[in-house]
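Participant: Need coordinates for the below:
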Amino acid sequence: MTAYIKKECMELTRTGKLLILGIIFILFGILNPAIAKLTPWLYEMLQDSFSEQGLIIGEVTVNAMTSWTQYFKNATMVVITIILLCSTGFTNEYQKGTLVQIVTKGLSRRKIYFSKLLVGYATWTVMFLVYTGVTLGYTVYFWGDDKVPDLFYAILFFWIFGILLMSLLSMFGALSENSGQVLLGTGGIIFITILINYVPTISKYMPIKLMDGLQLCNGTAQVSDFSEALIITSIMIIACIIIGMVAFDKRRL
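Facilitator: Numbering: from 1, shown residues only. So this is what the prediction gives:
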């Protein structure tokens, strides 16, 4: 199993996916504090245009909170990037027929599935730390030790949501024939949770709520408000692992 995990990691490097992910996540991480820092200058540049329309803009103040606001606003793009680049982990091997050779050599299907799942979790975690670390580093550089309430929990919930995404990708990877079906299945589940999230009475149960960490930072929500979403997300992660494992055991390679 260890050898197969190493093979998966080498595949990420060989195909350039790891490099592409790293570059994109670093750029997004830099953009968050950069946009915040440039906001007063941008407003100043547009002040004349606003004045002609009768709009008066007061002094614009930016701080660490402004940077982290951008962090959570760009979270959607981060999620889309990881989904697009990690959707072919299973399907590429089906098309190449490499899994048949690995199974005939004695590695069980469950070990293959868990290896891919663990590599997916590790990829998300590393890229997440890169994205968060770059934003944190530049934010501290620009604004020093400017505290943001409940930032740790807001970031943690975002990471957990990413773990759910990787679980969905692995499950649909076991169920699907091509990456298009994986994207459709994963995107469909997320889209459904977004739609249900608009129903006030049940929105607190939706995993997509974990992306609302900004509410924690600006004080409009408490950590306890995310309890239901965390429970449902945990159940979904476990369900995805079980369904994916059973499906991969039974599928034709």
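Participant: Isn't R109 up against V103?
Facilitator: Yes: with contacts counted by C-beta atoms under 8 Å, R109 reaches V103, the gap being 6.4 Å. (Glycine included, C-beta is placed from N, CA and C.)
Participant: Between these two, which has more neighbouring residues?
Facilitator: Remark: of R109 and V103, R109 carries more neighbours, 17 against 14, as counted by other C-beta atoms under 10 Å.
Participant: Looking at the more buried one now. What's its pLDDT?
Facilitator: For R109, the model assigns a pLDDT of 90.
Participant: just the helices in the stretch 51-200 of the chain please.
Facilitator: 64-73, 75-85, 91-96, 98-104, 109-143, 151-175, 179-196 (DSSP state H, counting those that start in this stretch).
Participant: mind checking how far the second one is from the chain centre?
Facilitator: This means helix 75-85. Distance, stretch centre to chain centre, for helix 75-85: 6 Å (C-alpha atoms, centre = their mean, to the nearest Å).
Participant: go on, the fourth one?
Facilitator: On the basis of C-alpha atoms, centre = their mean, helix 98-104 sits 31 Å off its chain's mean C-alpha point.
Participant: So which other helices or strands are in contact with it?
Facilitator: helix 109-143 (3 or more C-beta pairs under 8 Å, 6 or more residues apart in numbering; DSSP states H and E).
Participant: What ranges in the protein fall below the confidence cut-off?
Facilitator: Along the chain, segments meeting pLDDT under 70 span 42-60.
Participant: ok, 80 please
Facilitator: 1, 39-61, 145-146, 253 (pLDDT under 80).
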